[in-house]
Structures are given as C-alpha cells and as structure tokens.
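> Mind looking at a prediction? Sequence and model below.
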Protein chains: 2
Amino acid sequence: MEMPKYMTLVTWIKNKIEMGELKYGEKLYSENELGSMFGISRQTVRQAINILVQDKYLESRQGSGTYIIFNASAKREPTMTIGVATTYVGAYIFPQIIRGIENVLTTAGYSMQLTFTHNKVQNESRVLRSMLEKGVDGMIIEPTQSGLPNPNFKIYEEIQRQRIPVLFINSTYPGIKIPHVSMNDRMAGQIAAQHLINAGHKRIAGIFKSDDHQGHLRYAGYLDALLKAGYEIHDENVLWYSTEDIPDLTQFPEIILRRVKDCTALICYNDEIAMQMVDIMKKNGIAVPDDLSLVSFDNSDLAELCEIPLTSVAHPMNVLGKVAAENLLHLIQDHTFKATVDFEPTIVTRKSVRTLA
Amino acid sequence: MEMPKYMTLVTWIKNKIEMGELKYGEKLYSENELGSMFGISRQTVRQAINILVQDKYLESRQGSGTYIIFNASAKREPTMTIGVATTYVGAYIFPQIIRGIENVLTTAGYSMQLTFTHNKVQNESRVLRSMLEKGVDGMIIEPTQSGLPNPNFKIYEEIQRQRIPVLFINSTYPGIKIPHVSMNDRMAGQIAAQHLINAGHKRIAGIFKSDDHQGHLRYAGYLDALLKAGYEIHDENVLWYSTEDIPDLTQFPEIILRRVKDCTALICYNDEIAMQMVDIMKKNGIAVPDDLSLVSFDNSDLAELCEIPLTSVAHPMNVLGKVAAENLLHLIQDHTFKATVDFEPTIVTRKSVRTLA
DNA sequence: TATCAAGAAATGTACGTACAACTTTGTTGA
DNA sequence: TCAACAAAGTTGTACGTACATTTCTTGATA
C-alpha cells in the first residue's frame, strides 16, 4: 500500500482548508459522514483527525463536532518577536531607523529579528519565508527594488492569508495593499526643487535612483515644481542610476558633468550621492555653491559633516522607525487599524545653495 | 470513571521516566506486555503511547520496540536564532559590526535577534533573560559597563548551565570565563602613545572612559608606552569620564583645557570624543595639530570626515563581527572550541599629529 | 566460521462493535 | 413564555480481531 488510508484523508482535509474551501470556525463533516464518504471505518477517520488536531488544523469538541482552526495564524500563540528587514545597515540613515524601531519594540516586550536584504529581491524572498517559518507576530519591511515589479507578491499573499500584520517603511510596492510609513517623497522632491526655484535657479539637473519607488516619487515631485514654475523640462539634465552603479559614480565624472552642463543647480537622490558630487565638482574646478548649487535628501550626518554642508530635505529617521513600530503593534491588536503614515518633509538649509541675483 | 485507563498508563510511564527508573535509550515494555500488565487491550496501550510520543517522551520503531528519549526540556531543538546584544546602534562603529555578524549568520541559515543595552546593566539583565526565555542557540554580547563589577553574573551562570554558547565582543568582564572577540585594547593604547612618542611628544594627556574595561586597557597601554620611554606619569593630565557625561563633554571645556595644559598631545578614547576635542580646541584658539596633536581610537567614518582628519588606531569593525559570528557557530558545533580572538591593532595616520623637531 | 533464510516479535494499519459523555435541538408541560 | 426534559447526533473510551511491515534472533547450511 502506497499511502495509508488515514493519510489520504489527512491530506484531503488539509487541502480543503488551504484552498479555503473549509474556513475558520466552520464545522467539519462528522466522523461517520467522513467514514461513509471515503468508505473507511470511523476508527480510521479518527486517526486522521487526531493528526490534524495535533498539527492545530482542527479542534474536536465532544458532543458537538470537529471544527477548523487556522493552523498557524489564528490559534498560534504569540512569539513576541517582530521580523524587521531593511535594505542596508552599514551606516547612513538605517541605524537611526532601526534604533527607533528597537526602542519601541523592546519597551513593549517584543524582540526584534533583524535581517538585511541588500536591496536584492531574492534576499527579500528568503527573508520573508524564513520569518513565516519561524513565526513572527508582525513584520516591518523596507521594500527591495520597489521601483520594479515585485516578484515576491505570492509570499505577501501568503502572509496576509495567515493574517500576519506587515508594514512597509520608506517605500511601497505600487498596487499592493499593505500599509506603509514613509516620508512623502513626492512632496520632498517638490520642496527640494521649489527651494532652488525660490533661490532664482531656472535650469536644475537631477540624479535619481531608478530601481526605487522613492526615486520615482522624488523625480515626480521635482517635475511638479518645475512645471508649476513654468520651466522647461530637459531630459538631458536628469541622470538615472541603479543600486549596482553607486560605487562607480565617482569613476565616471564626465557622465555627470555632461548632465549638469548649463545648469546652476543639481538635485541629488540622497546625501551620499551629493557628497560624491561635491568631490567630483571640486576635482573639475566647479565650485559649490558658487558655480553649482546642491540640494539633497535625507539630512543625514553626512549633510552636516560634508566639506560643504548640504542643504537637505529632512528624513524623519528614528521618528519614522518609532512610528512604524508603534503602528505595527497597533495592527497586531486591531487588524483594521489604519497604519499608513506619510511624513511631511521639511528642508534644512545649509551652505550648498547659492541665491541668484 | 475518574481517569481514563489510557491516562493512568500515561502518567505511570511518565513517572517511571521522571523517577529515572526508565532511562534514556532503554526499551519500554512491548504493547502486548503493557496490555496484560494493566489488564487493558493493546489498542488502549497504543493510545497512551501515542500521547507520549507526541510529547517527545517516547519514540516507536516499527519491528523493534518503543524507546525512551529525552523529554522536551532536555532535548531542546535548535531555534536557528542567535541573540545579539550590543550597547548602541545609532551610528559609529556599531552598524559595521552588526553587518559583519548578520552576514555570517544569515549565510549559515540563522537569524539574528538584535537588542541594544544602551550600556545599562539593567537592560543587559533584561535582554539576557528574554533570550533565555525565547530560547536562542547562542549569544553574542557586548558587555555593558564592563569596567565595573558585573551584577548579571548569576544569569551568565544559568546560561552556561544550560550550555548555551556565549561570546563577548569588544570587551569582557574580568574574571568571567567566557570567550571574547575584541581588539587588543592594551596594545592599541600602547601603539597610540608610542606613535606620539615617536613623533617627539613627551607630555601626553589622555581622556578615557571609566566604565568600560576597554577604557582601562587603553589607559594601561598608554602607561606602558610612557613608562617604557621613561617619561613621568602625570595624573593631572588624565581625564576619566563615564557614559552619562558624553553629551556634556563639550559643555565644560575648562575641565579639558586644564588637563591638556603643558601637553603637546592628547590621546582620546575614541573618534567621537576626539571630534568633540577638535571643536573645543578650535573655539579656544588651540590649533590642531600645530599646538596639540591628537590620536584617537576606532578609525571610524568620523576620523575620515573630521574637520582635521584624525590619526586613529583602527578597529576591525565588520571583520570583528564576522569572526565573532563564525566563532560562535563553531562553538555551537563544538563546545570546546577556543573562540577567543584578540585583533592586533594598526594605526592609520592622518593629519591630527604633528612631528616635533 | 560466516551467510542466509525462516520465524518470532514488535509496531503499523484497518476494520468492527459497544457504550459513555457531552452538546444541540426540538418538544412538552407548567 | 419559559423551563425541564427527551431524543438525536457527535465525539470519547475501550475492547476485539486480522493482517502488513519491519526488525531482530536463531538455526541450518555452505
């Protein structure tokens, strides 16, 4: 005999549950019914049901019947662990965000299971599966490659099916219904450009990240401001880069110099890029801010410590982490909680922008 | 009927095991034997045995018999989770260390449960207890307040009793037998002082952290070098500070200025402090390095980004994290593995030291 | 002495019966 | 209308039998 009769019944019932044909709380067929349905004895049916009760798929109530319970989610006892996955950690704004999250979680008695995706979708996939397997009470995820279509959406479906609360930070995947806590990046882009326009700049170049949704939004905001001011858009002044190119950006200064030609200002995707730009400009005899004004994003330590302190649109950083963690805890309590927050950006003025006459 | 027959058999067997009358690996009576011993049918015996198999007391092997195995508590199954507790995360060298650890753990299929103690022993206590409760396969701990006697040693005893591998990073508690992976701080202190001595400096001040064992060691190395060179030690040139004072150090410049009086050089506990010193000196008309040479520790980003780039003794950072994680995984495999590593420090020369004529 | 095969012994699967304990539901009676 | 009761339905306990599958032992054979 290949598979014991009770085993075929086990898999049959499991399938029914996982396909959603038998839902949470519903009553299963009675032992006698199943017996006659499958042409097996009641004892054999009981054997199958016992296994599923052990695996927390079913629950038997004497005198009443056998009921379906969610195997992993609804009946799972809390692990008091929250899975957190950010793209990077090395430095920059990430440690601040993580600190914000950790503070809240620890205070609430949770612990944080932290992983980094290095902005690779395969890693995101692996991380999410691992969290599902370990059984976390909730997840805070910084989406990877959010500018591109997301291949992990099947996993997100499974997570939602298991009713595990998830919150995105910094970005989202367009078209996925998961709450997010981030800076309003479009408004941030708009503010950055507007700041330069107010300072009298008319021809403004931009460097944006192509594989992040954030990059797209900041670019959109940049366009908003230019269009509102009635200035022309020049495609040749916009440089898109993807994550893999970052280390090389300083290696090819001519590409950048070509973009900023005729421009009096440049908007950089983040402080890190802006700092590299300061370096490139210095080496090529372009003075910042006298010849070229710079505005960047995130207002990290780098903006302060840069040779020419950078005017930068402030990222909430540890406040964002704090709010994300708090909202996730709310979500765990109440699955209908509206957890999405868009932080209003503010700009911090330093010395990298020159006001034109 | 008060208690079902199969239940009385369950408790009887459980008792036999817990009383030590049936030991690990031994064979239980056969189902038929138990049946006749208790005057019950084989089916009923099987019901009892099934329960004990589920509870990990017994293990049935077809054709052979039923055997006693360690019950759940003694035979804890791996959680594939490593608890990591560092003091801070906000920035500085910590993200690098954490990245190093995370990389190794993730590659090996483990996940990292990360917490921060903020260098408070109460937090360390809470964190360790939580890890014990959650059940981690190993721990990487950065000791808090390692300069002071450790009040958590009871917990460390319990951890060792449960044979959970632990590894300290960056520091240790003197007198506790737990392996550690850190920089050789005494040698680092010695190298820092020697570098200044070689540059012709004779009167060298120092700022050290009093509540870290690291601080004590770096101070000891500083003394080593001065004594070896035959220079006098001046207590009034050494400033000790504790963690709580850090934000205030720039608030009381006169305390620092008093210490560096008559000195041509200053050794700072870390880059963060050194950077504050640069600030204070600038505000008080003391030029670095012309009037005062500075050497610091850790060789973090700050050393590079500082107004006056700092000569600093290099901290291995992410290599340290990597090695710590690797050694902990070794320890999990083999509890006798010698996991202690002292990294040999090297000094990175920048512009904060002036060579005296 | 070593090898192999048969048989004994153990657990695994499957069916059957009987009754106990409990829950649900519908009916009866005050 | 409500409470008590009865009946039906469901799972829980317990016994029995039969045969399958696997492991271990033993004895015969080369």
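That came in fine, so what should we check first?
> what packs against the lowest-mean-pLDDT helix or strand in chain A?
Averaged element by element with mean pLDDT, DSSP states H and E, chain A has its least confident helix or strand at helix A:153-161 (a mean of 81). The contact analysis (3 or more C-beta pairs under 8 Å, 6 or more residues apart in numbering or on different chains; DSSP states H and E) places helix A:153-161 against helix A:121-134, strand A:166-169. Glycine gets a C-beta too; all of them are placed from N, C-alpha and C.
> With respect to burial, which of the ones you listed scores highest?
Mean neighbour count (mean count of other C-beta atoms under 10 Å in any protein chain shown) peaks for strand A:166-169 among the helices and strands packed on helix A:153-161, with a mean of 24.
> now could you export just the CA positions of it as CSV?
Provided in CSV are the C-alpha atoms of strand A:166-169 (Å, rounded to 0.1, in the frame of the first residue of the first chain):
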residue,chain,number,x,y,z
VAL,A,166,3.0,43.7,7.8
LEU,A,167,4.1,47.3,7.5
PHE,A,168,6.4,48.8,4.8
ILE,A,169,8.8,51.6,5.6
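> Check which helices and strands the following helix or strand past it is in contact with.
Under the assignment DSSP states H and E, the closest C-terminal helix or strand after strand A:166-169 is strand A:180-183. Contacts defined by 3+ C-beta pairs under 8 Å, 6+ apart place strand A:180-183 against strand A:166-169, helix A:318-333, strand A:341-343.
> Relative to DNA strand C, which of these is closest?
helix A:318-333 (28.5 Å; C-beta to the nearest atom of the strand).
> Looking at the helices and strands packed on strand A:180-183, which one is packed in the most?
strand A:166-169 (a mean of 24).
> Need the contact partners of that strand.
Here strand A:166-169 makes contact (C-beta atoms under 8 Å, 6 or more residues apart in numbering or on different chains) with A:86, A:97, A:138-143, A:156, A:159-160, A:178-182, A:320-321, A:324, A:327-328, A:331, A:339.
> which of these count as buried?
A:86, A:97, A:138-143, A:156, A:159, A:178-182, A:320-321, A:324, A:327-328, A:331, A:339 (16 or more other C-beta atoms under 10 Å in any protein chain shown).
> hang on, the earlier thing: and for the least confident helix or strand of chain A, what are the contacting residues?
For helix A:153-161, using C-beta under 8 Å, 6+ apart, the contacting residues are A:73, A:125, A:128-129, A:132, A:139, A:150, A:166, A:173, A:176, A:178.
> again, 10 Å this time
A:18, A:20, A:70, A:72-73, A:124-129, A:131-132, A:136, A:139, A:141, A:150, A:152, A:164-166, A:173, A:175-178 (C-beta atoms under 10 Å, 6 or more residues apart in numbering or on different chains).
> From the chain's centroid, how far away is that helix?
Computed by C-alpha atoms, centre = their mean, to the nearest Å, the chain-centroid distance of helix A:153-161 equals 14 Å.
> quick check: angle from that helix to helix A:121-134?
Angle, helix A:153-161 to helix A:121-134, by axes from the mean of the first three to the mean of the last three C-alpha atoms, to 10 degrees: 30 degrees.
> CA atoms of helix A:153-161 as CSV?
Extracted in CSV, the C-alpha atoms of helix A:153-161 (Å, rounded to 0.1, in the frame of the first residue of the first chain):
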residue,chain,number,x,y,z
PHE,A,153,3.8,39.1,-4.2
LYS,A,154,2.8,35.5,-3.8
ILE,A,155,4.6,35.4,-0.5
TYR,A,156,2.9,38.6,0.6
GLU,A,157,-0.4,37.0,-0.3
GLU,A,158,0.5,34.0,1.9
ILE,A,159,1.5,36.4,4.7
GLN,A,160,-1.8,38.1,4.5
ARG,A,161,-3.7,34.8,4.4
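> hey, least reliable of the helices and strands packed on helix A:153-161 by pLDDT?
Among these, helix A:121-134 has the lowest mean pLDDT, at a mean of 85.
> hey, C-alpha coordinates of whichever helix or strand comes after that one in PDB?
For helix A:121-134, the following helix or strand on the C-terminal side (DSSP H and E) is strand A:138-141. Output of strand A:138-141 as PDB, limited to C-alpha atoms (Å, rounded to 0.1, in the frame of the first residue of the first chain):
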ATOM      1  CA  GLY A 138       4.500  41.000  12.700                       C
ATOM      2  CA  MET A 139       6.800  42.300  10.100                       C
ATOM      3  CA  ILE A 140       8.400  45.700   9.200                       C
ATOM      4  CA  ILE A 141       9.800  45.600   5.700                       C
END
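> For A:K5, list the residues it contacts.
Contacts here follow C-beta under 10 Å, 6+ apart; on that basis A:K5 touches A:38-41, A:44-45, A:47-48.
> Any of the residues you listed buried? List them.
A:38, A:40, A:44-45, A:47-48.
> What residue in the stretch 151-300 of chain A comes nearest to DNA strand C?
Closest point on the stretch 151-300 of chain A to DNA strand C, by C-beta to the nearest atom of the strand, is A:R163, at 24.8 Å.
> wait, the stretch 201-350 of chain A
DNA strand C sits closest to A:H335 of the stretch 201-350 of chain A, with a gap of 26.4 Å, by C-beta to the nearest atom of the strand.
> how much space between that residue and DNA strand D?
A:H335 sits 30 Å away from DNA strand D, taking C-beta to the nearest atom of the strand, to the nearest Å as the criterion.
> Over to A:D137?
As for A:D137, its distance to DNA strand D is 29 Å (criterion: C-beta to the nearest atom of the strand).
> Check the closest residue to that residue other than its chain neighbours and give its pLDDT.
Nearest residue to A:D137, sequence neighbours excluded (C-beta to C-beta, 6 or more residues apart in numbering or on different chains): A:P78, at 5.2 Å. Looking at A:P78, its pLDDT reads 75.
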